[in-house]
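Q: got a predicted structure here, sequence first:
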Amino acid sequence: MIVGRHALVTGGGSGVGKAVALALAEAGVDVTICGRRLTALEAVAALHDRIHAVAADVTDEASMAKLYETAEAARGPLDIIVANAGMAGSAPAAKTALADWQKTIDVNLTGAFLTVKAALAGMTARKGGRIIFIASTAGLKGYAYVAPYVAAKHGVVGLTRALAAETAKSGVTVNAICPSFVETDMLEESIGRIVERTGRSEAEARASLMASNPQGRFVQPEEIAASVLFLCSAAAASITGQSISVSGGETW
């Protein structure tokens, strides 16, 4: 149990964010979830009385400042931050529009930075806290046709290391979890794009993505949530600046 803490989970309305929020709530943590779709957030909040929904845009600094103000006034200082919000598209690099590049960087990298920026001063002053970025194996290796996403997730891994170096003496830990393909709505969207662009069947598209995992399966959102719980525990106090691959061995 991690009783008495207050966590922020971005992108908490579905997929990994939903699984993380539920796992933290079950562990005794008060959880604020945010995203742009309030209806989806409220549906998750209805699943547990420790989960609270607040609409916010991770790419907007003023929006995130307001989120912190609202959440901390209601439930006390945030001492666990799970920067999970993300998006992905696909196209050959030469055909990637600048607007698509910028949107991917804004959500996945700038959004991650703005999610944690407002927490740093308070955490360091209180001599404790947990910052966890949900990155990707795309932060550890390259993949074709997703250059903006790979660049953004490599940036998140770099941000993890930089913040860990800044906070190492403060009692704050900063880590990244790097999953391979996770069975979520985002994955289904990727499969849909493959089917549309290649003419392959859905089963063939799923198999092609699953093949990248040496275990021959997709990672489950609950596995990411379990990794978050460990990094929030006292047992992980000496783990900081790390990028933990949850990929069935893809990045060994």
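A: Arrived safely. Numbering: from 1, shown residues only.

Q: in this structure, what spans have low per-residue confidence?
A: 1 (pLDDT under 70).

Q: try it again at 80.
A: 1, 3-4 (pLDDT under 80).

Q: most centrally placed residue in it?
A: Nearest to the mean C-alpha position of the chain, counting by C-alpha atoms, centre = their mean, stands residue 84 at 1.9 Å.

Q: and the residue lying farthest from the centre of the chain, how far is that from residue 205?
A: Largest separation from the mean C-alpha position in the chain: residue 199, at 31.0 Å (C-alpha atoms, centre = their mean). Per C-beta to C-beta, to the nearest Å, residue 199 is found 10 Å from residue 205. C-beta: built from backbone N, CA, C; applies to glycine.

Q: check contacts around the closest residue to residue 27 other than its chain neighbours.
A: Once flanking residues are discounted, residue 27 sits nearest to residue 2: 4.6 Å by C-beta to C-beta, 6 or more residues apart in numbering. Applying C-beta atoms under 8 Å, 6 or more residues apart in numbering to residue 2 gives the contacts 24, 27, 28, 29, 80, 229, 232, 233.

Q: which strand or helix spans residue 2?
A: Using DSSP states H and E, residue 2 is not contained in any helix or strand.

Q: how far away is it from residue 91?
A: Relative to residue 91, and taking C-beta to C-beta, residue 2 is found at 41 Å.

Q: wait, what's in contact with residue 129?
A: Per C-beta under 8 Å, 6+ apart, neighbours of residue 129: 79, 80, 81, 119, 122, 123, 171, 172, 173.

Q: in strands, which of those residues fall?
A: Under the assignment DSSP state E, the contacts of residue 129 contribute 80, 81, 172, 173 to strands.

Q: how many neighbouring residues does the last one have?
A: To tie it back to what came earlier, the one meant is residue 173. Residues within reach of residue 173, counting by other C-beta atoms under 10 Å, total 24.

Q: can you tell me the closest non-neighbouring residue to it?
A: residue 240 is the one closest to residue 173 (C-beta to C-beta, 6+ apart), at 4.0 Å.
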